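Participant: how would this look folded up:
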Amino acid sequence: MKATLNVNVGAMVLFQNKICVITAVLDLETYQLRDSVTGADYQAKLADLSTVQSAELTHLDSIPEQKWQLAQQHFDVIEPLIRNPKRSKSDVQARAAECGVHISTVYRWLKSYKESGVLTALTRKQRSDSGKTQLSDDVEQLIRQVLEVDYLSTQRKSIQKIIREITRRCHKQNLPAPHANTIRSRIKNIAPQIKTAKRLSHKAAEMKFSPLQGSFPNADYPLSVVQIDHTKLDIILVDDVYRKPIGRPWITLAIDVFSRMVTGFYVSFDPPSALSTGLCLAHSILSKESWLAKHGVKGRWPVWGLPRKIHLDNAKEFRGKVLEKACKQYGIEIEWRPVARPHFGGHIERLLGTILDEVHGLTGTTFANTQQRKDYASESKAALTLTEFETWLTLFICDVYHQRTHSGLGISPLAKWKSGVLGDDVSLGTGLPDKVVDETLLRLTFMPFEMRTVQQYGVVIHKITYWHDVLRPWIAATNPTNPRQARQFIFRIDPRDLSVIWFYDPDLLMYFPIPYRNSSNPVISIWELREIQRQLKNEQKQNIDENMIFAAYGRMRELEQQAQGKTKAIRRAQQRRQLDQSTRASLPMPQIDSRNIISSENEENMFDDIQPFEDLDDLS
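Facilitator: Next up, the predicted model:
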């Protein structure tokens, strides 16, 4: 399945199990559709649309390291062409010559990447027509010549005329004529930009395919550059149970530099990390309908889509190999802010400053300094829970910040975004961003992982055992390339909820949730687990096992109940546990049918350059 959904005019989409064509974009989130069978017209929202075809999509976790490196090499060849919407055939020829690759290969890579939207599409796949006779070099050369001279010309000859011309020349040279569908396929594979430039004009191609140009370097169109940064908020929040103070939260915020629209955020009591950056980025990429519904906000937040580049602070907490590899998979370039050059993050820092100024008007604010705070009792005035603060921030973003005129733009961020996407009286827009189809896969891609073998009792991670029948075909599996070695599998882990891990099936190319083997064990997070381990170590316990871990957890919860929320640390721990457990809704648990599990003899070795769970070291 294609990783993203095209929602621009002319795109085929699935709406209420009907294959439809988008005939008009009514606004940033509403579309006019026409049923491809009945001709009936519909109006639909973004959340109601899905992809039509399910061409196979190679997941990141099914790629051996050698193939991953090869895919990156292929991407390095085509990346300048992808980033250049004005590219011509001469640009492709020059790049092919520079890299020592045949031009048809470059076009094939460009097509594969465009159709899938992910880097793993550039891996070499087993040909389905292996062993069959292919067209001879003479016929291939003849087809290319006719297409270049006759089809890609201002005469704009029809496809039928091109087919007849190729057939005529083949007969004249005593060559076997290719099937008409083969010729149609070759024409279809020609990049639309090239067709327009050659059959109409370069100016027409530029008007149709070039992004809007703006005044800010490297941020000339929507989602060209997204800046991400974090800060500790000047407000004390309260817990959900006792509504007593638990401390100041952190916010990780993402902004589209072109329009200054907020694309996403993540608020937590945990310090910034590569994980919080990934969660903020996932929120940035995904559409916001479910988020707005969850928080009861009726405003609009019409921002979604994969950014071309994200701009991050150079600090250690932002760096993580899982984050970097996930960004590469989705074609997102990471640009690190140069050391000692803070002006490179000016846009996001100004917005964070704006949010802090607004926060200073809320009850429970700590203000920017003691002089501003004076005798204000921040803790006793604290009133908002973290969820309530998220709702307030969402309202501020949607109903205030996005709507009011931005001094640097002269118009509101929403108006700038709309003109950049849909166009205006002066310029054409870039078109609506593609929507990521598999939201669960996107979130999991930014999660850390562990490599484990599957035993008869299941899988053990952090001394906790997990089991589900989907693991049964992989019990005691051996490495096909080395039968003396046990086969290891990928298990993605959400540090906020260790009650479920996510097993990647290398045959079915999909994730399955694997719960605790002992379903009576309570939900815990990685932070709670580490606190338990520290407690057991202080008690000088030996040979720590699962029973000891959850017994210690029970004792700690009893102490919390006895304390009845008397200390801020206990209230903060309770609040974080409640918030961590509430995140399970963001990773829906699919129904698993064991009959669909198919065993495999193909080994998929990957992530050789990444140590499992290394990105969690900063979360201690």
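Participant: where are the low-confidence patches of the stretch 1-150 of the chain?
Facilitator: Residue ranges of the stretch 1-150 of the chain with pLDDT under 70: 1-2, 37, 53-64, 85, 115-117, 124-133.
Participant: Now do the helices in it.
Facilitator: Counting by DSSP state H, counting those that start in this stretch, the stretch 1-150 of the chain has helices at residues 65-82, 89-99, 103-116, 137-146.
Participant: could you redo these as TSV and give each row mean neighbour count and distance to residue 40?
Facilitator: Bear in mind the C-beta positions are built from the backbone N, C-alpha and C, glycine included. Listed next are the helices of the stretch 1-150 of the chain as TSV, based on neighbours: other Cβ atoms under 10 Å; distance: least, Cβ to Cβ, whole Å:
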stretch	mean neighbour count	distance to residue 40
helix 65-82	17	37
helix 89-99	15	41
helix 103-116	17	28
helix 137-146	15	40
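Participant: Might you report the residue contacts of residue 491?
Facilitator: By Cβ atoms under 8 Å, 6 or more residues apart in numbering, the residues touching residue 491 are 449, 450, 451, 452, 459, 461, 466, 501, 502, 503, 504, 514.
Participant: Residue 277: which element?
Facilitator: Assigned by DSSP states H and E, residue 277 falls within helix 274-285.
Participant: and that helix, average pLDDT?
Facilitator: The average pLDDT within helix 274-285 is 92.
Participant: My understanding was that residue 49 contacts residue 15; is that so?
Facilitator: Yes. Counting by Cβ atoms under 8 Å, residue 49 does reach residue 15; the two are 5.8 Å apart.
Participant: what's the strand of greatest length in the chain packed up against?
Facilitator: Determined from DSSP state E, the single longest strand within the chain is strand 18-27. The contact analysis (3 or more Cβ pairs under 8 Å, 6 or more residues apart in numbering; DSSP states H and E) places strand 18-27 against strand 12-15, strand 30-35, strand 41-45.
Participant: Could you rerun that using 10 Å?
Facilitator: In terms of contacts (3 or more Cβ pairs under 10 Å, 6 or more residues apart in numbering; DSSP states H and E), strand 18-27 is packed against strand 12-15, strand 30-35, strand 41-45, helix 413-422.
Participant: who does the first one touch, helix- and strand-wise?
Facilitator: The contact analysis (3+ Cβ pairs under 10 Å, 6+ apart) places strand 12-15 against strand 18-27, strand 30-35, strand 41-45, strand 49-50.
Participant: Looking at these, which is nearest to residue 359?
Facilitator: When the helices and strands packed on strand 12-15 are compared by Cβ to Cβ, strand 18-27 sits nearest residue 359, at 31.1 Å.
Participant: Pairing partners for that closest one, with directions?
Facilitator: Strand pairing for strand 18-27, using DSSP bridges, gives strand 12-15 (antiparallel), strand 30-35 (antiparallel).
Participant: out of those, nearest to residue 487?
Facilitator: Taking Cβ to Cβ, strand 12-15 is the member of the strands paired with strand 18-27 nearest to residue 487, at 36.7 Å.
Participant: how much distance is there from that closest one to the middle of the chain?
Facilitator: Its chain's C-alpha centre and that of strand 12-15 lie 21 Å apart, by Cα atoms, centre = their mean, to the nearest Å.
Participant: which residues sit against that strand?
Facilitator: Residues outside strand 12-15 that contact it (Cβ atoms under 10 Å, 6 or more residues apart in numbering) are 5-7, 19-22, 31, 33, 35-36, 42-45, 48-53, 435.
Participant: Is it possible to mark the buried ones in those?
Facilitator: 5, 6, 7, 20, 22, 31, 33, 44, 49, 51, 52, 435 (16 or more other Cβ atoms under 10 Å).
Participant: closest to residue 267 among these?
Facilitator: residue 435 (24.3 Å).
Participant: Look up how far residue 233 lies from the closest one.
Facilitator: 30 Å (Cβ to Cβ, to the nearest Å).
Participant: which residues in the stretch 401-550 of the chain form strands?
Facilitator: Taking DSSP state E, counting those that start in this stretch as the criterion, the stretch 401-550 of the chain contains strands spanning 435-436, 449-452, 459-461, 464-466, 478-479, 482-486, 489-493, 500-505, 510-515.
Participant: Many thanks, I have nothing further to ask.
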